[in-house]
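A.B. asks: need the 3D shape of this:
(4 chains)
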There are 2 protein chains.
Amino acid sequence: MVRIVDVAKLANVSTATVSRVLSNSGTVSKETTEKVMEAIEKLNYQPNILARQLRKLETKTILVVVPDITNTFFSKILRGIEEVAAKNGYQVLLGDTGNNLEREKEFLNILRQKKADGLILLTARIDQNSIEEIANEFPVVLACEYIEGSQIPTVSIDNISSARKATEHLILLGHKRIGFISGPLNVVLSRDRLKGFHQAIAQHGIAAEPYLIQEGDFSYESGFNLMMKFLALEQPPTAVFAANDEMAIGAMKAIKSKGLRVPDDISVVGFDDIKFASIVEPALTTIAQPMFDIGMKAMELLLKLIHKDPLEKNQYILEDKLIIRDSSNEYKKK
Amino acid sequence: MVRIVDVAKLANVSTATVSRVLSNSGTVSKETTEKVMEAIEKLNYQPNILARQLRKLETKTILVVVPDITNTFFSKILRGIEEVAAKNGYQVLLGDTGNNLEREKEFLNILRQKKADGLILLTARIDQNSIEEIANEFPVVLACEYIEGSQIPTVSIDNISSARKATEHLILLGHKRIGFISGPLNVVLSRDRLKGFHQAIAQHGIAAEPYLIQEGDFSYESGFNLMMKFLALEQPPTAVFAANDEMAIGAMKAIKSKGLRVPDDISVVGFDDIKFASIVEPALTTIAQPMFDIGMKAMELLLKLIHKDPLEKNQYILEDKLIIRDSSNEYKKK
DNA sequence: GTTTACATTGTAATCGATTACATTATTTTT
DNA sequence: AAAAATAATGTAATCGATTACAATGTAAAC
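C.D. replies: A predicted model of the protein is given here:
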């Protein structure tokens, strides 16, 4: 392990001068700089980052807490985060909770122990107090989820208007009996999507039948099972809006397993536009979220927090988009 | 920021005693331990990990270099890695290369600068010298890919026999004209899957027609495009084996877009058993890799390397499995 | 030539936790 | 009671890079 003191000896200068050369301080003569650079190259010197981190009290590392790394929705956001992080000399510590609340809480200690300079939360399922507390002390950005009434910088889409838009799409296709498969209702974005659904049907004078609203857990399996439940009704819905694509794909599978056709018998709309939304058959109508952009924006905001630059605002709402594919079609009276 | 010196003052002991209490050294009296724990709790003390890392020259962090975090094959392996890491008090630094060789090389500096204690490579596409060099100096484990002739600890499946098995499955279904869509041939596992394909057809006295072997890039799009190419032949293959599921799904899409049926007109077999393999229609026949187990094993090996424990061997070949679903069927003469 | 201003470099402290070795306290053995 | 052994705790060095302030060198102004 070559240390800075070895370089200084070879170059016949002090360690401070070597450090100044490395940091381009602008206070070292050209001649001395060249001498030092030669020594660095000759010894193949790499600074010990641990020492630098302690001296500067800065790690150039950020923590990203993710509920499920195998869900491509989150991994695409992570890709956006990584892009901006790498451009700014930062590394990303992965905090994959596997939807485990205890693990989520433990990850917060990484900040308290100074092992990361900031945090991006892609999940905010632990109690609000814990999050607000950590955000009061450390740079924290929320992506996708948000906390009501909080000042924590947040990047997301407007889940209410998105869900309203998706539901209106079905209503404009003539559907009057629309089922909604929500995400877990302890998650604020699930509640927003439900709210958007309610708004749309209320605006069009459609009654909200409680049995046409079921709570899923964002998984393919819950979509399948809840669609089976809808199909067991005397009058199944003629269209279904699911709060994410995996559940929508599960719903389509259930419909087809009953010998019914999508969209001819039942239209289906999802949310997120994951990769397989366009591959499944029929291709899924869905709300597209700009995942990569969400990740990038979140990292940009976090860098500002870390550097104590002022933020123009706390809430960044990016544009979503209704992508109409083959899974939704006009209601046909039978 | 509460420091250890503050705790020591409050507890009226030295900082060494506080440190011993924290590390359960077994050399502190019960009475003193309690006094110290009270002070720690009262001050809500959290050790500064940066100082500990420098003193101990250890980060309890490992780097995982991944070619594409949005591919669920890799994110599942990462899940297995994270599981074992967390259990052993380690954190995972994400090295997502986005298939960029330059970025892959840059990530290796993280080891040289001591920012991580070891490395798991899920991609070995940069030159062999760089990898061997880093593995000579630092704990490195390869997962999925391997380097011919190298002693670097490796976890994977036997890609040759897996591919032979998949190809034999099609042969036993009566197919004589089998197309193969390989991965990028600069990647050793792609060459192995090609080798397995060759072995199977040779063993059954089937000629290897060059135009029935095409090189893809593991993406859905390349699967689609190369299947279109096969379909443009005077005599298209009656079955296709693709070197991963995404390409197989693309191939199925191409077949269907031409008004042909899977498997009635053309059988398709994939590789990996990603989540959507069982969801697409028809459900894909594929080789299942134990991704989670690969990740876990890789991390277990890396921990042994880090702790300088002896390894029983360098090569760990885990079991794969042929999963027969609906995309492959008997050849029907026309 | 002397003084002042600026550029360049060096010295030693700093960061906060850990631990080798020394010192002190307590227990056991003779 | 004294000596030996063991337990418990403290002091100060260590880890390796950075940087505040001091010291030295050089150029410009008088």
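
A.B. asks: C-alpha from now on. contacts and neighbour counts both.
C.D. replies: Will do.

A.B. asks: which residues touch A:F73?
C.D. replies: A:D272, A:I274, A:M291 (Cα atoms under 8 Å, 6 or more residues apart in numbering or on different chains).

A.B. asks: so among these, where is pLDDT lowest?
C.D. replies: Among the contacts of A:F73, A:I274 carries the weakest pLDDT, at 92.

A.B. asks: how near is that residue to A:I249?
C.D. replies: To A:I249, A:I274 is 11 Å away according to Cα to Cα, to the nearest Å.

A.B. asks: same thing with A:N99?
C.D. replies: Counting by Cα to Cα - A:N99 and A:I249 are separated by 21 Å.

A.B. asks: okay, the two: which has more neighbours?
C.D. replies: A direct count of neighbours by other Cα atoms under 10 Å in any protein chain shown for A:N99 and A:I249 places A:I249 higher, at 29 against 14.

A.B. asks: spell out which parts of chain A neighbour DNA strand D.
C.D. replies: A:1-5, A:15-20, A:22-23, A:46-49, A:51-52, A:54-56 (Cα under 7 Å from any atom of the strand).

A.B. asks: switch to 6 Å and redo it
C.D. replies: Residues of chain A lying close to DNA strand D by Cα under 6 Å from any atom of the strand are A:3-5, A:15-16, A:19-20, A:47-48, A:51-52, A:54-56.

A.B. asks: distance between stretch A:236-253 and the chain's centre?
C.D. replies: Relative to its parent chain, stretch A:236-253 has a centroid offset of 22 Å by Cα atoms, centre = their mean, to the nearest Å.

A.B. asks: please disregard the earlier target; I meant stretch A:18-25.
C.D. replies: That offset, for stretch A:18-25, works out to 38 Å (Cα atoms, centre = their mean).

A.B. asks: next one: A:I160 from A:L189, what distance?
C.D. replies: 8 Å.

A.B. asks: the more surrounded of these two?
C.D. replies: The neighbour count for A:I160 versus A:L189, taken as other Cα under 10 Å, is higher for A:L189 (23 against 20).

A.B. asks: excluding chain neighbours, what is closest to the more buried one?
C.D. replies: A:E145 (6.0 Å; Cα to Cα, 6 or more residues apart in numbering or on different chains).

A.B. asks: quick one, what contacts the one you found?
C.D. replies: A:L122, A:T123, A:A124, A:T154, A:S156, A:V187, A:V188, A:L189.

A.B. asks: look up how far chain B lies from the second one.
C.D. replies: As judged by Cα to the nearest Cα, to the nearest Å, A:T123 and chain B stand 17 Å apart.

A.B. asks: secondary structure element for that residue?
C.D. replies: In the assignment (DSSP states H and E), A:T123 maps to no helix and no strand.

A.B. asks: what's the answer for the last one, then?
C.D. replies: For A:L189, the enclosing helix or strand under DSSP H and E is helix A:188-203.

A.B. asks: give me the mean pLDDT for that helix.
C.D. replies: Computed over helix A:188-203, the average pLDDT equals 95.

A.B. asks: ok, stretch A:83-103 next?
C.D. replies: Rounded mean pLDDT across stretch A:83-103 is 92.

A.B. asks: in that stretch, which residues are buried?
C.D. replies: Under the neighbour-count criterion of 16 or more other Cα atoms under 10 Å in any protein chain shown, stretch A:83-103 has A:E83, A:V84, A:A85, A:Y90, A:Q91, A:V92, A:L93, A:L94, A:G95, A:D96, A:T97, A:G98 buried.

A.B. asks: just stretch A:311-320 next, same as before
C.D. replies: Those would be A:Q315, A:Y316, A:D320, for stretch A:311-320 by 16+ other Cα under 10 Å.

A.B. asks: repeat for stretch A:268-282
C.D. replies: So, applying 16+ other Cα under 10 Å, buried residues of stretch A:268-282: A:268-274, A:276-282.

A.B. asks: between the residues you listed, which sits nearest B:I206?
C.D. replies: Relative to B:I206, the closest of the buried residues of stretch A:268-282 is A:I279; by Cα to Cα it sits at 33.4 Å.

A.B. asks: which non-adjacent residue is nearest the closest one?
C.D. replies: B:K253 (7.9 Å).

A.B. asks: where does the stretch 201-334 of chain A get nearest to DNA strand C, which residue?
C.D. replies: Closest residue of the stretch 201-334 of chain A to DNA strand C, Cα to the nearest atom of the strand: A:I306 (17.4 Å).

A.B. asks: quick one: buried residues of the host helix or strand of A:K35?
C.D. replies: For A:K35, the host element (DSSP H and E) is helix A:30-43. By 16+ other Cα under 10 Å, the buried positions in helix A:30-43 come out as A:T32, A:T33, A:K35, A:V36, A:M37, A:A39, A:I40.

A.B. asks: using the three-state scheme, assign the residue lying closest to the fifth one once chain neighbours are set aside.
C.D. replies: The shortest distance from A:M37 to any non-neighbouring residue, by Cα to Cα, 6+ apart, is to A:V21 (7.9 Å). Recorded secondary structure, A:V21: helix (DSSP: H, G, I helix; E, B strand; the rest coil).

A.B. asks: among the contacts of A:E145, which one has the most neighbours?
C.D. replies: When neighbours are counted by other Cα under 10 Å, A:T154 leads the contacts of A:E145 with 27 neighbours.

A.B. asks: would you mind measuring from that residue to DNA strand D?
C.D. replies: A:T154 is 31 Å from DNA strand D, where distance means Cα to the nearest atom of the strand, to the nearest Å.

A.B. asks: is it true that A:H175 touches A:A239?
C.D. replies: Yes. Using Cα atoms under 8 Å, A:H175 makes contact with A:A239 at a distance of 6.5 Å.

A.B. asks: those two - which one has more neighbours?
C.D. replies: When neighbours are counted by other Cα under 10 Å, A:H175 and A:A239 differ, and A:A239 comes out ahead with 30 against 23.

A.B. asks: return the residues in contact with the closest residue to that one other than its chain neighbours.
C.D. replies: Spatially, and ignoring its direct neighbours in sequence, A:A239 is nearest to A:S267 (4.4 Å; Cα to Cα, 6+ apart). Residues in contact with A:S267 (Cα under 8 Å, 6+ apart) are A:L170, A:T238, A:A239, A:V240, A:S327, A:S328, A:N329.

A.B. asks: from these, which is closest to A:G223?
C.D. replies: A:V240 (10.4 Å).

A.B. asks: that closest one and A:Y331, how far apart?
C.D. replies: Separation of A:V240 from A:Y331 (Cα to Cα) stands at 12 Å.

A.B. asks: show me where the stretch 201-334 of chain A has its helices.
C.D. replies: A:220-231, A:245-257, A:291-306 (DSSP state H, counting those that start in this stretch).

A.B. asks: most packed of those?
C.D. replies: The highest average neighbour count among the helices of the stretch 201-334 of chain A, using mean count of other Cα atoms under 10 Å in any protein chain shown, belongs to helix A:245-257 at a mean of 25.

A.B. asks: could you name the helices and strands sitting against it?
C.D. replies: helix A:220-231, strand A:267-269 (3 or more Cα pairs under 8 Å, 6 or more residues apart in numbering or on different chains; DSSP states H and E).

A.B. asks: and with 10 Å instead?
C.D. replies: strand A:178-182, helix A:220-231, strand A:239-242, strand A:267-269, strand A:286-288 (3 or more Cα pairs under 10 Å, 6 or more residues apart in numbering or on different chains; DSSP states H and E).

A.B. asks: so which of these gets nearest B:A208?
C.D. replies: helix A:220-231 (40.7 Å).

A.B. asks: re the thing from before, just the buried residues of stretch A:268-282: which are in strands?
C.D. replies: If you go by DSSP state E, the buried residues of stretch A:268-282 have A:V268, A:V269 in strands.
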